[in-house]
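Asker: Predicted structure and sequence below. I'll ask about it afterward.
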Amino acid sequence: MSGIRTLIIDDDVAVAGIHHGFLLARGGFDVVGMAHTGQQGLDLAAELQPELVLLDIHLPDMSGLDVLQSLRNRPRQPVDVLVITASRELETVRSAMAGGVLHYLVKPFTSKALNERLDGYVALRDELAAGASAGPLDQDRIDRLVAPRAVPDAPEVPDPAVSGSPAVRLPKGLSRPTLDAVIGALRASPEDVSAAGLAQQLGLSRVSARRYLEYLVVNGFARLTPRYGAAGRPENRYLWKR
């Protein structure tokens, strides 16, 4: 079953990559594209028809608010928007709310905070899908849909591999033994490693190794550093935060 088609628009390549890795590790979302300018984001939105956009406000060619307005003016299928930005200005927040954003998440934030917003979004989609064939809505159901939604508590488990670490959520599809093996290999490495190198070392697939590495990045235990090779294409490298 395919996940929720998601487009990431963020001018920072590394941050966009972290968002991608987070959604990959979480499951249930399919990142169909990543854009680093507003116009590129609008072009990809028109081409790929995503269901959800993770949108930054500070973009090099236009404001994310302009992107939001253009997305709202599209004649085709509407798209849901979750703003992830460092912008804290009242007018920016009000404009985003007027543009119908689902959530406005201010950087820096914890992985739990993003997970909670995504959980709320998935719950909203499920409720809408359940009511699609129920005919006209009564006032009670309309109120539940349009009222501000409480963010549900996410189940958490302690991370025993990291001494003194806070409780973090282990996403569906990640196993504790494999995570411990990845952590052990990463901590033992004197330099940063690639997902491919770690996968070969531990006998994992490259995609699986990347999921575990990105999970550690979004939870603050590892650092991601793009390294550019001769061809100019970056390779993500991962380093344990000592």
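Answerer: Perfect, thanks for sending it.
Asker: When you work out contacts or count neighbours from here on, use the C-alpha atoms and nothing else.
Answerer: Will do.
Asker: Quick check: buried residues in stretch 13-24?
Answerer: Using 16 or more other CA atoms under 10 Å as the test for burial, stretch 13-24 gives 16-24.
Asker: Give me the residues contacting it.
Answerer: Residues outside stretch 13-24 that contact it (CA atoms under 8 Å, 6 or more residues apart in numbering): 8-10, 29-31, 34, 36, 210-211, 214-215, 217-218, 224-226.
Asker: for the protein, what are the low-confidence residue spans?
Answerer: Residues of the chain that meet the criterion pLDDT under 70 lie in 1, 76, 130-135, 137-138, 140-172, 228-234, 242.
Asker: can you list the domains in it?
Answerer: Domain segmentation of the chain under automatic domain parsing yields 4-132+141-146, 176-240.
Asker: Make a markdown table out of the buried residues of stretch 13-24 and add distance to residue 101 and secondary structure.
Answerer: Output for the buried residues of stretch 13-24, formatted as a markdown table (distance: CA to CA, whole Å; DSSP: H, G, I helix; E, B strand; the rest coil):
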| residue | distance to residue 101 | secondary structure |
| --- | --- | --- |
| 16 | 19 | helix |
| 17 | 22 | helix |
| 18 | 21 | helix |
| 19 | 18 | helix |
| 20 | 20 | helix |
| 21 | 23 | helix |
| 22 | 20 | helix |
| 23 | 19 | helix |
| 24 | 22 | helix |
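Asker: can I get the residues you listed in TSV with distance to residue 190?
Answerer: TSV is the format used below for the buried residues of stretch 13-24 (distance: CA to CA, whole Å):
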residue	distance to residue 190
16	26
17	24
18	23
19	26
20	26
21	23
22	25
23	28
24	27
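Asker: Residue 2: which of those residues is nearest?
Answerer: Of all the buried residues of stretch 13-24, residue 2 sits closest to residue 24, with 12.3 Å by CA to CA.
Asker: can you give me the strands for the protein?
Answerer: Here the chain has its strands, by DSSP state E, at 4-9, 29-35, 52-55, 80-85, 103-106, 193-194, 222-228, 234-240.
Asker: Tell me the strands beside the last one, with direction?
Answerer: What that stands for is strand 234-240. strand 193-194 (antiparallel), strand 222-228 (antiparallel) (DSSP bridges).
Asker: Just the CA trace of the last one, in CSV.
Answerer: Taking C-alpha atoms only, strand 222-228 is exported to CSV below (Å, rounded to 0.1, in the frame of the first residue of the first chain):
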residue,chain,number,x,y,z
ALA,A,222,24.1,11.3,14.9
ARG,A,223,25.1,14.1,12.5
LEU,A,224,24.5,14.2,8.7
THR,A,225,27.1,15.8,6.5
PRO,A,226,26.8,15.9,2.7
ARG,A,227,30.1,15.2,1.0
TYR,A,228,30.5,16.2,-2.6
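Asker: Pull out the buried residues from that strand.
Answerer: 222-225.
Asker: would you list these in TSV and tack on distance to residue 42?
Answerer: Listed next are those as TSV, based on distance: CA to CA, whole Å:
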residue	distance to residue 42
222	32
223	30
224	27
225	27
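Asker: I am finished for the moment; much appreciated.
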